[in-house]
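Asker: coordinates only, no sequence provided:
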């Protein structure tokens, strides 16, 4: 998957990694989503994606921590499924603007129904949560 990133996208990715104090696991893929959003006036889609991705990531972490037998697990599981579904739809909305090759690679890596794709998707959600953190941090200034 390759796309030439604008200077703004490259700088934003650097800021996200600085905020996270580590490299993003899926830096290139996050960059593609950012670049597609910026090029096509879809910033609200990217903002919504980062919100739902962060919520899904946090919810999944809570589910893992409390275990399936805990009170409220079923509700959390439903909320996770809803947020993950919304996130996938928003990824697909941005990918509709990408090349067929990029769409296929995202589908195989993140959106297919395999355990590996699910783990990759969770890691992508985590990376996207840093974009949401960046938005919150920028608003606070």
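Answerer: Thanks, I have the structure now. Computed from a predicted structure; not experimentally measured.
Asker: what ranges do the strands span in the chain?
Answerer: Counting by DSSP state E, the chain forms no strands at all.
Asker: contacts for stretch 82-94 next, please.
Answerer: Residues outside stretch 82-94 that contact it (C-beta atoms under 8 Å, 6 or more residues apart in numbering): 33, 36-37, 40, 42, 45-46, 48-49, 52-53, 55-56, 59, 106, 110-111, 121, 125, 128. (Each C-beta comes from the backbone N, C-alpha and C, glycine too.)
Asker: again, only using 7 Å
Answerer: Residues from elsewhere that reach stretch 82-94, judged by C-beta atoms under 7 Å, 6 or more residues apart in numbering: 33, 36-37, 42, 45-46, 48-49, 52-53, 55-56, 59, 106, 111, 125.
Asker: which of those residues fall within helices?
Answerer: Secondary structure defined by DSSP state H assigns 33, 36-37, 45-46, 48-49, 52-53, 55-56, 59, 106, 125 of those to helices.
Asker: can you tell me which of those residues lies closest to residue 77?
Answerer: Proximity of the ones in helices among the contacts of stretch 82-94 to residue 77 (C-beta to C-beta) peaks at residue 59, which lies at 8.5 Å.
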